[in-house]
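K.L.:
pasted the sequence and its predicted model underneath.
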Amino acid sequence: MSNLIRRDPRAERIARNRLHPLHASMMLAEQGEVRGPSGLIRKNPHLVGFIGPNGLKRIDRANAFAGTVNRQKRVSTAQEVVLPLHQVVNPDGYIVVVPDMVGGRLTSQDKDILGLAHSLIAQKGTGKSANMAVVAVCFGESKESQFDLAGVDRLIHLSSDVFDGFTPEARLSALMQVEAQYQPEHWLFPDSVNGGTDLASRLAARLGERPATQAWQVSTTQTVCRGASASTDITRETPRILMLLEECGTAIDETRHEVLSLSVESYDQVPARLLDKGLMSVDPNAVPLAEAEFILSAGNGIHNWDQFHECASVLGATEGASRVAVDDGFMPRTRQVGASGTWVTARVYLAVGISGAIQHMQGIGQCGKVVAINTDAGCDMVKRADLAVIADSEAVLAELTKLVQEHHASKVQEEKHNAA
Amino acid sequence: MQPSVNVVSLVSVGRHPQSDRSRRADQDARAVELGLKLAGKNLTLVHAGDPENPVLRQYAGMGLDAFTVLRQKSYSDVLPIIGNFLTENNAHVVLMGIRAESGESSGMLPYLLAEKLGWPLLSRVADILHVENGKADVLLALPRGQRRAVTVSLPFIATVDNAAKDARQSAYGPGIRASITVLDAEQTADNMAASWAISPAKPRAKRMKVVKAKNAADRFKAATAKPVGGGGNVLKQGTPAEKAQAIFDLLLEEKVIR
Amino acid sequence: MMFDWLTPTLIAVLLVLAGIGAVRRMNLWRAGQADKVDLIAGLMAMPKRYLHDLHHVVERDKYISRTHVATGGGFVLAMLLVVFVHLFGVDSKVLAWLLLAALVMMFYGAVFVFKRRLNPPSRLSKGPWMRLPKSLLTFSITFFVLTLPAAGVLPEGFGGGLLTVVLSFCILASLVEMLFGMTWGGPMKHAFAGALHLAFHRRPERFGGGRSTGLKAAVLGETSHGVAKPTDFKWNQLLGFDACVQCGRCEAVCPAFAAGQPLNPKKLIQDMVVGFAGGTDEKYAGSPYPNVEVGNAKGGPDQIITDGLIHPDTLWSCTTCRACVEECPMMIEHVDAIVDMRRFLTLEKGDTPNKGAQVLENIIATDNPNGFSPSSRTHWAADQNLNLMKDVQQADVLFWVSDGAFDMRSQRILRAFVKLLKAANVDVAILGDEELDSGDVARRLGDDATFQNLAKRNLAILSQYRFKTIVTTDPHAFHCLRNEYADFDSDLNALASVEVLHHTTFLNRLVQEGRLQLDTFKGGKVTYHDPCYLGRYNGEYDAPRELLASLGIDVAEMERSGYRSRCCGGGGGAPITDIPGERRIADMRMEDVVSTGAELVAVGCQQCTAMLEGVVEPRPVVKDIAEILAGQLIEEAH
């Protein structure tokens, strides 16, 4: 459905023609009397007028189009845009991208690299050498449903369970097989902590290729890389294997791609020398403050410290503190957030009883969502917060603890139910 | 720990991000710290480069009486000599930083060493819990403070993540008194790097929000509209329970409570 | 008389024993390191140092100064005469009468000592010290009675056997305390060690009204750095520790002690004595380190001090404010000892607590404690239109900016000061990015290697330019430049003919020369906080007060002001090592401010400003004197 206002010429005609047999009933259906609680007839002001074809509201004093008003419910579902399909038939070469697929989905860095792969192909012009396909190699379970929109022409999905978890050796041998089978023109990896760098380095070492690392400006001939802990730019010839920084290219957004499956013949099953023992459960308070994802931070406004610690453990949050709370000896110095303490990068920062000294605000500059609980509605922390609650912290924390406990309890119930 | 485990920490000359001055490289220093935890004073500290560099004293100042320098000119390939040194000295655990703070900082050295020696390699190690019976239990650092446990057989190479224990303070006295063993080694020039153009890093432009609007009204709106999200939601009214619910909903939405 | 021989024998035996004890004690001191001391000159100067310098400090407590003159003077005179009259049997009525007079004087003093000890304040040590007034009284009474026959008041042989026995016992009791105890570790040790300490003091410049506050340079490149064992101290430092009278004045003024941090200067000195003499602190009878039990500390001359004798936290609690040194009647140098021991912890053990290691690493790598880019040092002055020495090569005044350049709060002070300089048309230049950290923090944290490195590099830069005066707004940098750089300046003579001034001194001159037009200050009540490194370290108490007076401000003095000013808690790297206590020093200092009823506290130091402003509001406003002055400046209309 489109959200264009469409006229109904028939309804308009009937509305204009008072002699039309359907005129009375149609007008009545639209403008039925509404009586208020006192028995008086009420006019609904919102029904006055209609939206004209140019999107502006019009009041029809002549009442000529009354019959069509609001006949059309405005439908606000997004218009499904069908992008043009980019097809590569019988490609003469491949550029292989090995995305990180954090949580089974393409990251923005992955998408940028896919976009870069296409721009490399585009730079080659229109000749035969430019008839190349971008191949994505994914390991393990994939939840990604939009490979087509991200620019994947061909997909090699290796979903065998030998790739589950931490399996760089198995993945490397699979990549070696891809190399043997398809001899890609380029190997593109994200230069990231999510495994991209590791796998790329392994492949480069195995193939004896000298890769470009921390690359951020890539053309078919020349690559600019960061060197010396990002203090220098190294300009060099574009090698076969590239590890790319974030925002190295622009993601695809105007075409759809085929996502045709490519197969990989059997590859060597190497005996694993690295045995994955799984993820460790990490105590939130053992996570370094700078890395913590969710921080519950306490300031001068906290009086019930036992409750605060309990709340943090129930929420599974890492504890932080303002300078005053640390100075007063309620929290260790290592927990101090701010310019003279730790600069934090939490996705959610829950500040309880912190009014927000400038040094503290500096320290939480990189946080995602900030939630404040404070009694002073005028303080800087409330101004900064995405959600601020003006209340006594003790009562709110008590309720919050209760809510989360109930949440956990219901989860456990559900699981039991499912298991039964 | 076990005296039979031969631990080697490879160190490089770091670079301070603010002053450009030589310093103890952060990750390398953590590699020394981890080495000291595993081997104590028996840790072998190795650097390939100029033995006169005063920064090496900072590593020794962490509590080592001696260290080894494989004499190299700058910009030469250190892979062959380090590989030979490790096999000759029968190393079991080789620790180093992920990437050097100067030069190319490609981080390829550990991988090339592992490939050359045929040893397993672990990158981004947060801690080595213990080394026993030819195996080591290692914790890998994942983003957001998460950890993965991995067992690996000796000998192996590990790169040390920033999440590993902070390097201890370097003491001046022991540092200047430590003795250096200098081994002269064959020089292998790095020819490929010679063709590179190296310049100070250009600041990268922050990506702009590109608006691909089809009509003028939308482009106008995108150019002039105030970004959404200025000023958050302030809850003044309501019971504590309602307020807590609002916070709870946000936490659920952000998936920090599971 | 049958017991005629007894008195002289007792005296002789105890004198010999005391002599043996003295030799033994001296050998303990001599286990320390050699130090260049002019022995003869020191001994010659000793009486004057005692009567003038030491007494000047004791005089701050009138009660005890009079008491001590009577008791101490009486005893020294009496003891000399006792030797003549009773040991050598010199038969002279004059001497006997003199002795009687001395004993009366001593008795008079001892009564007051006795009175003080009836209900002693907590800072005084108890234990054997409670016995001392009784011993003093016994001595004076006994010898008074013994001397009466010699003076002809009583007949020879008066009193018979019983009295003689009683008197002999009393002689023994009092002489054991006064002679034997003097050299074998009793309370009277202070007289013996104290006298020699005055003679062989490590800082003779302090006598005669001088000031010597710069730390002594560490010798680098030896097999060990700093003081690890008691014997690593200089011999005269060990002697100094022995001079302690345990009066606890240091304890009463120590900010760390008041804040409940594990430091008590008196106990520290006593632990040093335990260290070089060997043994435990069981017998210590004064206040302990806050929250640390007495009796568990063990030490020996060759044992590492921080292994069992003193916890490193004790050493790191010190703010190097020098209040204890200023107050010590025996002129013991606590701060020197503490920094000496810190040097070992930092340079040898690499064990500077909390942020210390990081700060030192930053100073080494970036020449400032917070690791800022050295090329951003002059960013604060981007709009100040200041000359750089690099460009002008010479100027009347070099403004030493110090690390406040990186701190946004301190920059306000710097700008205010520049505004004043411009108003007075001073020919001024700064070093800009060539300036380095003064090394103050590194040195107080025990890293003398880094300090010396910075000092030499700073001096090398300074020697390139010509200027008559260095002015700085940072008393810490001021102290380093004025008192500590000279040790490294012998080759370059960069500062040889240069006057180093604190900005308050310099501004005061400008005001007195009439080069600054200032309006009267109409704010509320104002008090002034003396920065330790300006006051006690450099003796500048007047200039800031005169400046405030020139604005028409009548300073409401705090109880602890001038040389008794209490530290803000920001010195000696204390905020970096951050040893936990029960209170914060800055909070206590702010209480002092509040108790004057002042609305504004004037300060002369960026560190003090930062510490006092760190106190939770509401509190009085904190401003540097330069800021107050700049606010009252009458600018000529152009």
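P.N.:
That came through, no problem.
K.L.:
where does C:A637 land on pLDDT?
P.N.:
Looking at C:A637, its pLDDT reads 57.
K.L.:
so which residues of the stretch 201-350 of chain C form helices?
P.N.:
C:235-242, C:249-253, C:255-258, C:265-277, C:312-316, C:323-327, C:334-343 (DSSP state H, counting those that start in this stretch).
K.L.:
got it, and the stretch 1-150 of chain A?
P.N.:
Under DSSP H, counting those that start in this stretch, the stretch 1-150 of chain A gives helices at A:9-16, A:23-30, A:108-123, A:147-150.
K.L.:
just put those helices in CSV and tack on mean pLDDT, distance to chain B and mean neighbour count.
P.N.:
All C-beta spots, glycine's among them, are computed from the backbone N, C-alpha and C. Output for these, formatted as CSV (pLDDT from 0 to 100; distance: least, CB to the nearest CB, whole Å; neighbours: other CB atoms under 10 Å in any protein chain shown):
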stretch, mean pLDDT, distance to chain B, mean neighbour count
helix A:9-16, 82, 27, 16
helix A:23-30, 69, 31, 14
helix A:108-123, 89, 9, 22
helix A:147-150, 86, 14, 20
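K.L.:
so what's whichever residue of the stretch 201-350 of chain C sits closest to chain B up against?
P.N.:
Proximity of the stretch 201-350 of chain C to chain B (CB to the nearest CB) peaks at C:G350, 3.2 Å away. By CB atoms under 8 Å, 6 or more residues apart in numbering or on different chains, the residues touching C:G350 are B:G61, B:M62, B:G63, B:R168, B:Q169, B:S170, B:A171, B:P174, C:A357.
K.L.:
count the residues that sit near the nearest residue to the first one once chain neighbours are set aside.
P.N.:
So the one you mean is B:G61. Take B:G61 and drop its neighbours on the chain: the residue closest to it by CB to CB, 6 or more residues apart in numbering or on different chains is B:G175, 2.9 Å away. B:G175 is flanked by 21 other residues according to other CB atoms under 10 Å in any protein chain shown.
K.L.:
same deal with the one 4 residues further on?
P.N.:
B:S179 is flanked by 9 other residues according to other CB under 10 Å.
K.L.:
that one contacts B:A66, doesn't it?
P.N.:
Yes. Look at B:S179 against B:A66 with CB atoms under 8 Å: they come within range, at 4.6 Å.
K.L.:
remind me, longest helix of chain A?
P.N.:
helix A:393-419 (DSSP state H).
K.L.:
on that earlier part again, Throw the helices of the stretch 1-150 of chain A into CSV and include distance to C:L388, thanks.
P.N.:
Shown next, in CSV, are the helices of the stretch 1-150 of chain A (distance: least, CB to CB, whole Å):
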stretch, distance to C:L388
helix A:9-16, 82
helix A:23-30, 82
helix A:108-123, 45
helix A:147-150, 54
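K.L.:
is it true that C:T280 touches C:G295?
P.N.:
Yes. Between C:T280 and C:G295 there is a contact under CB under 8 Å: 6.8 Å.
K.L.:
higher neighbour count, the two?
P.N.:
C:T280 (16 against 11).
K.L.:
okay, the closest residue to chain C within chain B: pLDDT?
P.N.:
Residue nearest to chain C within chain B: B:A171 (3.2 Å; CB to the nearest CB). The model reports B:A171 with a pLDDT of 91.
K.L.:
would you check that it makes contact with C:E348?
P.N.:
Yes. Counting by CB under 8 Å, B:A171 touches C:E348, with 5.7 Å between them.
K.L.:
pick out whichever of the two has more residues nearby.
P.N.:
More crowded of B:A171 and C:E348, by other CB under 10 Å: B:A171, with 27 against 20.
K.L.:
mind checking how far that one is from B:E186?
P.N.:
35 Å (CB to CB, to the nearest Å).
K.L.:
also B:L95?
P.N.:
Taking CB to CB, one finds B:L95 at 25 Å from B:E186.
K.L.:
got it, and C:S565?
P.N.:
Note on C:S565: its distance to B:E186, by CB to CB, is 67 Å.
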